[in-house]
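**Q** got a sequence here, can you model it:
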Amino acid sequence: MSRSTRAKVHSRSGSIRVKPRHSSDSASSESARPGGDAGEASVFRFKGIDAAILALLLGFALLLIVRTGFAAGQELWPMPDGVEYAAIAVNLDRGLGPVLHFGGNTYPPRYTIGYPLILAAAYPLLGHRPERLCLVTTLTALVAIAGLYILTLWVFDRPSAVLAGLLLATSPRFLGSSTYVMSDVPALAVVILAVLAFLYAEGKESLVASALCGLLPAWPSQSASPTLPFWLECSRRLCSSNRADCGWRK
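**A** Residues are numbered from 1 along each chain as shown. Coordinates of the predicted model:
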């Protein structure tokens, strides 16, 4: 008698009735949706072939970015935006605060300090050379592509993830902005990571995901990118999901 069967012995007739046991292996092997156990779904669905595809996508995107050129980013174009972002980052690194110093005078910056804080953290790693700050934007562009691939794979399927990654990697606007010292591409990367954090927090209790859901909404107040409506909708969905789980639904 195999292990996958269950035997029932009836003492009266002396016969043995064999009843197949319903295994839950097939059900557990199916990938869960984001509304279910989202954490297990993301781990299960991201396989070795996805890592290979993602590596090819990132390599292809990096090749396109390099072919686009870093001349404008190294010269801190477009002005004065790139100059101000770089100047704020340099002053933060020197301990002078998020201010601008020109001609012996001090001026408050026109932009919030969200992206300059990231630039200031990377500034020592770049050899304290302002012309290299554009590389930080390039790195966030690769993070955005990787995050979009994982997000699309999570919600849809692998062909959709490949298509989404290719569309973003070949977007002329995206490629051009990936070499500027601007907050557009970093804001996109943060939004994509935020969606992943919210989906994970909806489906599975996680201290890390909860912390990210608390920290990432601070980005709209520290970035020039208009992402506040997105954060409000994500917060509403997360709160409504928690109320439903706790039995608060009317």
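**Q** at which residues are the helices of the protein located?
**A** Assigned by DSSP state H, the chain shows helices spanning 25-29, 38-45, 48-68, 71-74, 81-93, 114-122, 134-155, 158-169, 172-177, 184-203, 207-215, 228-245.
**Q** so for H128, which of these sits nearest?
**A** Closest to H128 of the helices of the chain, according to Cβ to Cβ: helix 81-93, at 7.4 Å. The C-beta positions use only the backbone N, C-alpha and C, and glycine is treated the same way.
**Q** low-confidence ranges, the chain, go.
**A** Low-confidence segments of the chain (pLDDT under 70): 1-45, 203, 205-206, 210, 213-214, 216-250.
**Q** pretty sure T68 sits against T179.
**A** Yes. Judged on Cβ atoms under 8 Å, T68 makes contact with T179 at a distance of 6.0 Å.
**Q** these two: which is more packed in?
**A** Between T68 and T179, counted using other Cβ atoms under 10 Å, T179 has the larger neighbour count: 23 against 17.
**Q** against V99, how distant is the more buried one?
**A** 26 Å (Cβ to Cβ, to the nearest Å).
**Q** swap in L133?
**A** 17 Å.
**Q** these two - which one has more neighbours?
**A** The neighbour count for L133 versus V99, taken as other Cβ under 10 Å, is higher for L133 (26 against 14).
**Q** show me what contacts the nearest residue to P130 once chain neighbours are set aside?
**A** With Cβ to Cβ, 6 or more residues apart in numbering as the criterion, P130 has its nearest non-adjacent residue at 4.8 Å, and that residue is A86. Going by Cβ atoms under 8 Å, 6 or more residues apart in numbering, A86 touches L76, L119, P130, L133, V181.
**Q** give me the neighbour count for L215.
**A** 11.
**Q** nope, P80 is what I was after
**A** P80: 12 neighbours (other Cβ under 10 Å).
**Q** look up how far D184 lies from it.
**A** Applying Cβ to Cβ to P80 and D184 gives a distance of 16 Å.
**Q** now do Y123
**A** In this view, Y123 and D184 are 20 Å apart by Cβ to Cβ.
**Q** now swap in D157 and tell me
**A** D157 is 29 Å from D184, by Cβ to Cβ.
**Q** and these two? which has more neighbours close in?
**A** For D157 versus D184, neighbours defined as other Cβ under 10 Å are more numerous around D184 (19 against 12).
**Q** now T137. Nearest residue, chain neighbours left out?
**A** V185 (5.4 Å).
**Q** so who does the one you found touch?
**A** Here V185 is in contact with T137, T140, A141, A144, F174, S177, S178 (Cβ under 8 Å, 6+ apart).
**Q** go again with 6 Å.
**A** T137, T140, A141, S177, S178 (Cβ atoms under 6 Å, 6 or more residues apart in numbering).
**Q** now E131
**A** E131 neighbours (Cβ under 6 Å, 6+ apart): Q74.
**Q** please renumber the chain so that the first residue is 37 from this point on.
**A** Fine by me, first position is 37 from now on; the one you just mentioned is E167.
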